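J.: Okay, sequence plus prediction incoming.
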Amino acid sequence: MPTSKSLIPARVNPDLAKERRSPSFSVEEFQHWWYGGADKLKDKREIETYLYKDLRDGHLHDYLSHEDVYHLAVKDVTEAAVKLRKLQEIRNPGGNDIWPKLLYSYVSWAMMPANNPFATHITMFVDVLFNQGTPEQIEKFAKPAANCNIIGTYAQTELAHGTNVRGIETRADYDRKTDEFVLNTPNLQAYKWWPGGLGHTANHAMVVAQLYIDGEHHGIQMFIVQLRDLETHMPLPGVDIGEIGRKLGMAGVNQGFLGFKNVRIPRTNMLMRNAKVLPDGSFVASPVSRLNYMTMVYTRCLIVDISSTALLLAATIATRYSAVRRQSPINANEPEPQIIDHVTQQQKLFSEIANGIAYRLCVHYMWEMYDLTQKEIANGDYKRMADMHIISCGLKVLSSTDGSFGIERLRLACGGHGYLTSTNFSNIYGNIVASYTYEGENTVLLLQVGRYLVKTWLQLTQGKQMPPLAAYLAEMYGKREMTPWNDSLEYMVKLLQFTATNKTRVAFENLTKRVAEGQTQEEAANNTGIELTQAAELHARQFVASVFLDQITGIKSANRSKALNSVLENILELYLVQTVQRHMHDVLRFTAISDANLRSLQNRLELSLKKLRPDAVCICDGFDFHDLVLNSTLGCYDGNVYERLMEAARKSPLNQKPVPDSFEKILKPFLKSNL
């Protein structure tokens, strides 16, 4: 039976309190470093204090119907928007650092635990308008969209085409008589499918379609299309629209389908900062054919950002629970230890902490590169785009793959309790695993990176200069073997670069051999696909390792205390050791390593776990995740997991009556029928 009195004691679990008594570093200094300074941490906490007042139960939607979850998500996001707008006026009138920026950040996850039906609107529709719209389009569409006066989505993926954007079939024909584009969906396979908020939330869409003028094809372009009446919200004539149903995660995001039948829009609704269609039907091509890809680059950077945060949320939940849970004596007849004392548990927890931190540091680097690239593009300089595109593809693949695997690994590390939705693992996992396929399916993206690498290798053999992010290839080119093994962190990064270089070389040689034997370039690339993806993964791995090493041991370390640098170097060491071990089959192919070296590497893994054990809980505290963001019965700061599990169980609708209605109606007659 439910109880009105909370079971949760007003104290911190003794085991968790013990973990926090004597870390080797200052948690406060870690938090300042993590958030970019004491002032930013203070701002973040003040914002959370304001935003998190009077929030609903974060698991209320677990027991609602599909329709009611959507209605609740709309209520959540609109209430969040009101709060953010008000807080923007309080803290920084006229700015945009809170509204709308925080509408899609982890700070807002507590306010929208059923997920955000405005997510695609904020992250893609608005961004595309500002970055690829003309000044007139920015005034007409982007500014109202940024203020949520209109709600949009980004409609690219179709039922039969996703990552292969060139295969999209939605068609936009220019009618010079009316100065309009006519949009049509030629078949069922061409229906737009998956855009967030499209189902019943958005009233506009950024539609990606094939442009035709007088029957002549002019490639993929983007068009602003109004979908619904702004007063009644009814679909406009020729617009077939709805939602696609339940998914593994993203319960309230309201993904949809969309088809067109002779839908007309003004010529000026095509995004024309780059490519243009003039009133007479003349087509002016974009100065760079792949300029529109910067939208995808932005979204992939965002995926890395979100994946790293989600992985660290899961790691915080699992680490705190592992400090509280006691089970399985290590020595017979001794008390049950905290499960965090089991080395196998430490490997699960600490490895994912290291992965999450690595990707977080990479994404900071990526955002800096993205901003620089956008400034260069505005000045007509496009040379950095290819590098940005390739590394964003690689990082998107690694972060979404490792994030999905890591979150599930951490859930399993919590045993049976991790299966409960009240722990929030299922929601975190469902949201992140989706990114494995959206904004480019991961294998396809790896193939893109692999093809880039073999082209780059060809240029290297011709003596051409390497782009900055492939400069290590030139450094390793011609090296027949690595220098003798040593235990430095720098050596492990060089080892990954040497291995990545040789995997690229082998992929290039095998692809070239297949072409020489008579295969077309495309056939050869397909048949070399496994090696291309392996080279691509290693290319991305060495990048993460290089950035991690530079961020921890480079000039920035001078701004941190010796104690904090020591714990960060422990985390870096664990990351590098486990990454080298993960790719040991490739390392051994190209490098002579003795059994003693391998044993030394294993010892370093175990030693790094041992060094991190006393600091693990406090490292997670350093991320400063609010309990409402964690939204987990296992992960709260106070560690009172059993009381929270029981309280969550008592909230189940089935526990509101001692006997459910189905007993008298169904179960009892069945039992009687067997007499």
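T.: Thanks, I have the structure now.
J.: the longest helix in this protein is where?
T.: The residue-count maximum for a helix in the chain (DSSP state H) belongs to helix 343-378.
J.: Summarise which helices and strands that one is packed against.
T.: helix 293-324, helix 385-413, helix 529-553, helix 562-582, helix 595-612, helix 616-622 (3 or more C-beta pairs under 8 Å, 6 or more residues apart in numbering; DSSP states H and E). In short, each C-beta sits where N, CA and C put it, glycine included.
J.: hang on, residue 221 is in a strand, isn't it?
T.: Yes. Residue 221 sits within a strand when classified using DSSP: H, G, I helix; E, B strand; the rest coil.
J.: for the residue lying closest to it once chain neighbours are set aside, helix, strand, or coil?
T.: Leaving aside its sequence neighbours, residue 221 sits nearest to residue 211 (C-beta to C-beta, 6 or more residues apart in numbering; 4.4 Å). Classification of residue 211 by three-state DSSP places it in strand.
J.: Would you mind finding the most buried of the helices and strands packed on helix 343-378?
T.: helix 293-324 (a mean of 25; mean count of other C-beta atoms under 10 Å).
J.: Could you list every helix and strand in contact with it?
T.: Checking 3+ C-beta pairs under 8 Å, 6+ apart, helix 293-324 ends up next to helix 14-19, helix 126-132, helix 343-378, helix 385-413, helix 425-433, helix 616-622, helix 627-630.
J.: how far out from the middle of the chain is the longest helix of the chain?
T.: Relative to the mean C-alpha coordinate of its chain, helix 343-378 is positioned 11 Å out (C-alpha atoms, centre = their mean, to the nearest Å).
J.: Tell me what angle that helix forms with helix 529-553.
T.: Between the axis of helix 343-378 and that of helix 529-553 there is an angle of 90 degrees, by axes from the mean of the first three to the mean of the last three C-alpha atoms, to 10 degrees.
J.: average pLDDT across helix 343-378?
T.: Averaged across helix 343-378, pLDDT comes to 94.
J.: And for stretch 184-196?
T.: So the average pLDDT for stretch 184-196 ends up being 97.
J.: Stretch 606-624 too?
T.: For stretch 606-624, the mean per-residue pLDDT is 98.
J.: Just the endpoints, please. Distance across it?
T.: 27 Å (C-alpha to C-alpha, to the nearest Å).
J.: just use 95 as the starting number from now, easier for me
T.: Yes, from this point I'll number from 95; that puts the last item at stretch 700-718.
J.: Work out the gap between stretch 584-604 and the centre of the chain.
T.: Chain-centre distance of stretch 584-604: 27 Å, with C-alpha atoms, centre = their mean.
J.: Name the residues of it that come out as buried.
T.: For stretch 584-604, burial by neighbour count (16 or more other C-beta atoms under 10 Å) applies to 585-602, 604.
J.: For the residue nearest to residue 315, grab the count of nearby residues.
T.: 21 (other C-beta atoms under 10 Å).
J.: With the one 3 residues further on instead?
T.: Taking other C-beta under 10 Å as the criterion, the count of residues near residue 308 is 8.
J.: centroid residue for the chain?
T.: residue 397 (2.8 Å; C-alpha atoms, centre = their mean).
J.: and that one, what does it touch?
T.: 490, 493-494, 529, 533 (C-beta atoms under 8 Å, 6 or more residues apart in numbering).
J.: Could you do residue 638 as well?
T.: Taking C-beta under 8 Å, 6+ apart as the test, what residue 638 contacts is 452-453, 456, 489, 492, 673.
J.: how close does it get to residue 627?
T.: Distance of residue 638 to residue 627, given as C-beta to C-beta, to the nearest Å: 17 Å.
J.: Likewise for residue 210?
T.: Taking C-beta to C-beta, one finds residue 210 at 32 Å from residue 627.
J.: Could you do residue 546 as well?
T.: 12 Å.
J.: For stretch 142-154, measure first residue to last.
T.: Stretch 142-154: ends 21 Å apart by C-alpha to C-alpha.
J.: For residue 647, find the nearest of the helices and strands packed on helix 387-418.
T.: Using C-beta to C-beta as the measure, helix 437-472 is the one of the helices and strands packed on helix 387-418 that comes nearest residue 647, at 11.9 Å.
J.: returning to what we had before: kindly present the contacts of residue 397 as a markdown table, with separate columns for distance to residue 421 and pLDDT.
T.: As requested, the contacts of residue 397 are arranged in a markdown table below (distance: C-beta to C-beta, whole Å; pLDDT from 0 to 100):
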| residue | distance to residue 421 | pLDDT |
| --- | --- | --- |
| 490 | 38 | 97 |
| 493 | 32 | 98 |
| 494 | 32 | 97 |
| 529 | 33 | 93 |
| 533 | 41 | 85 |
